[in-house]
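> Okay, predicted coordinates and the sequence, questions at the end:
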Number of protein chains: 2
Amino acid sequence: MRHRVVVVGGGFGGLQATLGLRHADVDVTLVDRRNFHLFQPLTYQVATGALSPGEIAYPLRAVFTRDRNVRVLLAEVADFDLDAREVELRPVGEVEAPDRIAYDTLIVAGGSAYAYFGHDGWRQHAHEVKSLESALVVRSRLLSAFEAAEEETDAAREKAWMTFVVVGAGPTGVEMAGQIGELARDTLAHDFRRIDPRTARILLVEAADRVLGTFPPSLSAKAKQQLERLGVTVMTGRAVTGIDEAGVTIDDERIPARTVVWAAGVTASGLASRLAELTGAERDRAGRVSVAPDLTLPGHPEVLALGDMVRIGGAVLPGVAPVAMQEGRYAARLVRDRLAGRATQPFRYRDKGNLATIGRAAAVADIKGVHLSGFPAWLTWLVVHLWYLVGFQNRVLVFIRWSVSFLTHGRGARLITNS
Amino acid sequence: MRHRVVVVGGGFGGLQATLGLRHADVDVTLVDRRNFHLFQPLTYQVATGALSPGEIAYPLRAVFTRDRNVRVLLAEVADFDLDAREVELRPVGEVEAPDRIAYDTLIVAGGSAYAYFGHDGWRQHAHEVKSLESALVVRSRLLSAFEAAEEETDAAREKAWMTFVVVGAGPTGVEMAGQIGELARDTLAHDFRRIDPRTARILLVEAADRVLGTFPPSLSAKAKQQLERLGVTVMTGRAVTGIDEAGVTIDDERIPARTVVWAAGVTASGLASRLAELTGAERDRAGRVSVAPDLTLPGHPEVLALGDMVRIGGAVLPGVAPVAMQEGRYAARLVRDRLAGRATQPFRYRDKGNLATIGRAAAVADIKGVHLSGFPAWLTWLVVHLWYLVGFQNRVLVFIRWSVSFLTHGRGARLITNS
């Protein structure tokens, strides 16, 4: 029987691990509870109506259609049985996946989700833009807020509809705030008759003392400038202490706001904690499990974990796509090397740079110490993101949609659905 | 005060009526419960993953952004008060529209919905593809059926997952059956490891004795041939007598099938019945209200109704976009003529032809007695549909998506969401 590899998760890490094994002499089963790979760095663009879901998601089966040794399985992972070397599964919808699947090597890339700092009640009022479904909810809420403001007769209530709060000023928060700014000041500027969308208040709240904390301070300053040009009020060194249906509390200040987007801390997939429990590996406060420099779990060289659900030894790498992709490729190489009886060097992350976009021709980039901002950074961002979009068709479509949007200041996908 | 026109419905008829009044000396309020115009002839392509919602829907506000005399109002019509000349509204979501709006001229274009022949219990098992939301449900169900079949261990249950039934062989039913055929035999052909999607059974059930009853019999025969080439089993002269979770009953024959799409009879919007009640106008069995040849209601020259919720005198025009569009334009002209003191000729429908597509390079067309089928008909269909897609961006995107799909046999938007 051929060596059996089970890959859990069809995100950046799991996809690269599977791609790296498709020509190897192994049978791979890729398990995901979704039937598509999501280009997560762009979900915020779905949330603001700039892109359609189909443009940033690609069916997993379509990626591996020619690779007869790769099986895609729509199921959720319930648990691991490391002694029996089996993964326990739960069905998704009416798809009756097997209860257990056996592996010789297990690669777990479960990713992360947004954490609400223990305030799970905030979740229903402050949606995130990490999953496609949640991004569509944000899209409907954002657009409905302007509709509601247009018809509101009470001035205070109108102001609450016209106030948008983004919590967390990492790349996603900055991108989201910038896009809301563009939506209000540009796309929707002339669409209403009573309200003026350009008067919308957009607050970006961050507990740290600057935006984009993982970038050099000079680029944080540039990003802040570019945000302010789009009408975003940047509130750093301020903590959100309450969120409910009617607004947010920032430190002690109450701000009525009907639309809140959550882009603050993430927590590792629950699979990380489970692997820590089963192997005795360490786990940090964000729920990440510690793996060895070859991404394996203690006492289980046949089990690898990667992406933003792990830290390597004590080191936490940024929770971005390139890290997960490099780790995924490394995991595949490790499996191939072992089968060939070759040794593999420990994993080493090659940092190719850091990018965040803010709006039309506005972005910041830190590429191996070279700092860019404004149009050159935005152009870099554009090329990099188009390049990495999975699937030929999507790249072309997204390029055209962006070009048309750029020229016409439009956003074709601003639909209120499922409201 | 300027003459106030209220247009109910942002479909083909309402959109054209509003477009026809945007340069007139009137104030127009366009009321719809959606914030977008939907290019309904293509929703079935969303249902099969060929197009994304954003490509066939366009925000109403964006259409009228420069027309300061046009107000778009997100609300549902609750009732009409013809004596007071007011429309009563209900809020959509949290948008607090006014309770009533006054008009001098009222144009009602409420459209139609699918009717389940009095079997409302069928609705939850046999989804239609007329609304965007329902089309997305069909998309998830279609794609999930193949996923479920792949993992099914019982042969009879697998067969039920691999059986697809389309009820009704009008243009939508024919298009839908053809697209499922392509999906199974082409797009998904190599995507699975255990099942062979090409063995899927696709049944198109029609009570009449031929498909596309509104086309000439020779084209019905061509359409049937093209459907059969795509693996569709055409069952004419057969009536669906039962639909439940596990399958359909056709006459007395029970067919286990987990995916059923409804494309049979439509019924006029409830607004038609209400107008009939209020004005004493006649109403036919499909719920259409009879209007005069100038589209007005009896005793109420200031109230017009149009589209597939009306019949003109005793005549029922086909429920297609060109009819509604021409009637919408006529309604606008009537209003402009009245304000200018000019007489208007009665409405006359100019039949430009009839088109239905079946699959890749497969279609039928009846254009003023010229019958086309196969590639020439498909090319005509393509040009006509692209031409009428609202919004420059969408046309380009859809053209590219179709070109790429045609060349690569792919369907980029086959995502299972909200399942």
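Looks like it arrived, so ask away.
> What's the biggest strand in chain A, counting residues?
strand A:70-81 (DSSP state E).
> Tabulate the CA atom coordinates of it in CSV.
The C-alpha trace of strand A:70-81 is given here as CSV (Å, rounded to 0.1, in the frame of the first residue of the first chain):
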residue,chain,number,x,y,z
VAL,A,70,-5.3,13.5,-4.5
ARG,A,71,-8.7,13.0,-3.0
VAL,A,72,-10.7,16.0,-1.7
LEU,A,73,-13.0,15.3,1.2
LEU,A,74,-15.7,17.6,2.3
ALA,A,75,-15.8,17.0,6.1
GLU,A,76,-15.0,18.6,9.4
VAL,A,77,-12.3,17.2,11.7
ALA,A,78,-13.8,16.1,15.0
ASP,A,79,-10.6,14.7,16.7
PHE,A,80,-7.3,12.9,16.2
ASP,A,81,-6.5,9.4,17.3
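> Could you name the helices and strands sitting against it?
If contacts are counted by 3 or more CB pairs under 8 Å, 6 or more residues apart in numbering or on different chains; DSSP states H and E, strand A:70-81 sits against strand A:26-32, strand A:86-91, helix A:270-279, helix B:132-151. Using the backbone N, CA and C atoms, a C-beta is placed for each residue, glycine as well.
> Select, out of these, the one closest to A:Gln40.
Evaluated with CB to CB, these place strand A:26-32 nearest to A:Gln40, the distance being 13.4 Å.
> May I have that closest one as CSV, with CA atoms only?
Extracted as CSV, the C-alpha positions of strand A:26-32 are listed here (Å, rounded to 0.1, in the frame of the first residue of the first chain):
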residue,chain,number,x,y,z
VAL,A,26,1.8,8.9,-2.0
ASP,A,27,-2.0,9.0,-1.7
VAL,A,28,-3.2,12.4,-0.3
THR,A,29,-6.5,13.1,1.2
LEU,A,30,-7.2,16.8,1.6
VAL,A,31,-10.0,17.4,4.2
ASP,A,32,-11.8,20.8,4.4
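> which secondary structure elements does it contact?
When contacts are defined as 3+ CB pairs under 8 Å, 6+ apart, strand A:26-32 packs onto strand A:3-8, helix A:12-19, strand A:70-81.
> and the ones you listed, which is most packed in?
Among the helices and strands packed on strand A:26-32, helix A:12-19 has the highest mean neighbour count (mean count of other CB atoms under 10 Å in any protein chain shown), at a mean of 27.
> which residues are contacting that helix?
For helix A:12-19, contacts defined as CB atoms under 8 Å, 6 or more residues apart in numbering or on different chains pick out A:7-8, A:10, A:28, A:30, A:32, A:37, A:40, A:60, A:63-64, A:70, A:107, A:109, A:111, A:306-307, A:321, A:324-329, A:331-332, A:390.
> Among the residues you listed, which are located in helices?
Among the contacts of helix A:12-19, the ones falling in helices (DSSP state H) are A:Leu60, A:Val63, A:Ala321, A:Ala324, A:Met325, A:Gln326, A:Glu327, A:Gly328, A:Arg329, A:Ala331, A:Ala332.
> Show me the helices in the stretch 201-350 of chain A, by range?
Ranges of helices within the stretch 201-350 of chain A are A:217-229, A:270-279, A:321-340, based on DSSP state H, counting those that start in this stretch.
> Which one of these lies nearest to chain B?
helix A:321-340 (19.5 Å; CB to the nearest CB).
> starting at the chain centroid, how far to the next helix or strand after that closest one?
Sequence-wise, the next helix or strand downstream of helix A:321-340 (DSSP states H and E) is strand A:354-359. Mean-position distance between strand A:354-359 and its chain equals 14 Å (CA atoms, centre = their mean, to the nearest Å).
> Starting from the next helix or strand along the chain from strand A:354-359, tell me which strands it pairs with and how they run.
For strand A:354-359, the succeeding helix or strand toward the C-terminus, using DSSP H and E, is strand A:362-367. Partners of strand A:362-367 in the sheet, by DSSP bridges, are strand A:354-359 (antiparallel), strand A:370-373 (antiparallel).
> which one of those is the most hemmed in?
strand A:354-359 (a mean of 25).
> now the end-to-end length of stretch A:88-95.
Stretch A:88-95 has an end-to-end distance of 15 Å (CA to CA, to the nearest Å).
> ok, and what's touching that stretch?
Here stretch A:88-95 makes contact (CB under 8 Å, 6+ apart) with A:31, A:33, A:73-81, A:97-101, B:144, B:147-148, B:150-151, B:258, B:416, B:419.
> check contacts around A:Arg336.
A:Arg336 neighbours (CB under 8 Å, 6+ apart): A:Gly20, A:Leu21, A:Ala24.
> which one among the residues you listed gets closest to chain B?
A:Leu21 (15.4 Å).
> That closest one and A:Arg333 touch, don't they?
No - contact between A:Leu21 and A:Arg333 fails when scored by CB atoms under 8 Å: they sit 9.4 Å apart.
> These two: who's more crowded?
Using other CB atoms under 10 Å in any protein chain shown, the more surrounded residue of A:Leu21 and A:Arg333 is A:Leu21, with 27 against 18.
> for that one, what are its contacts?
Shown in contact with A:Leu21 (CB under 8 Å, 6+ apart): A:Val5, A:Val7, A:Val28, A:Asn69, A:Val70, A:Ala332, A:Val335, A:Arg336.
> cool, A:Trp161 as well?
Neighbour list for A:Trp161: A:Ala145, A:Phe146, A:Ala148, A:Ala149, A:Glu152, A:Arg258, A:Thr259 [criterion: CB under 8 Å, 6+ apart].
> Many thanks, I have nothing further to ask.
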